[in-house]
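1. no sequence for this one, just the structure:
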């Protein structure tokens with residue numbers, strides 16, 4: 001079934017059309033292969049860390065991807081306060097050459 005619009009003709013149920021989600025769900029009910037997604041938590045809040053030190057290279061490497069990009073808080077699960085401190089510590093460590101900019 002085709003729907004005529006002013007700009008282009010859209011086909012229902014195909015890519016770019018006005019079809020449904022085709023069995024995919026959106027929102028918090030999205031499942032992984034192994035079951036329900038776990039709620040992410042801030043590892044630094046659990047450790048009750050007062051500060052993130054730029055000299056703790058091993059800890060900071062956990063927040064850097066293999067190409068050198070800093071992992072976002074959405075992926076790492078950090079709270080906003082600790083994510084800002086982690087990013088600041090990574091940038092200081094890079095400036096002093098404790099961490100590489102690119103790998």
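-> The structure has been received and is ready for your questions. No experiment lies behind these values; they were computed from the predicted model shown.
2. do you know how far residue 45 is from residue 81?
-> For residue 45, the distance to residue 81 equals 9 Å [C-beta to C-beta, to the nearest Å]. The way it works is simple: take the backbone N, C-alpha and C, and place the C-beta from them, glycine included.
3. residue contacts, residue 88?
-> With contacts defined as C-beta atoms under 8 Å, 6 or more residues apart in numbering, the neighbours of residue 88 are residue 52.
4. Would you mind stating the distance between it and residue 36?
-> For residue 88, the distance to residue 36 (C-beta to C-beta) stands at 34 Å.
5. go on, residue 96?
-> Between residue 96 and residue 36 the computed distance is 42 Å (C-beta to C-beta).
6. and what of residue 79?
-> Distance of residue 79 to residue 36, computed by C-beta to C-beta: 22 Å.
7. Next: residue 91.
-> For residue 91, the distance to residue 36 - C-beta to C-beta - is 36 Å.
8. Look at the two and report which has more neighbours.
-> The residue with more neighbours, out of residue 91 and residue 36, is residue 91; 14 against 10, by other C-beta atoms under 10 Å.
9. pLDDT score for that one?
-> We have a pLDDT of 96 for residue 91.
10. can you check residue 32 too?
-> Reading off the confidence values, residue 32 has pLDDT 55.
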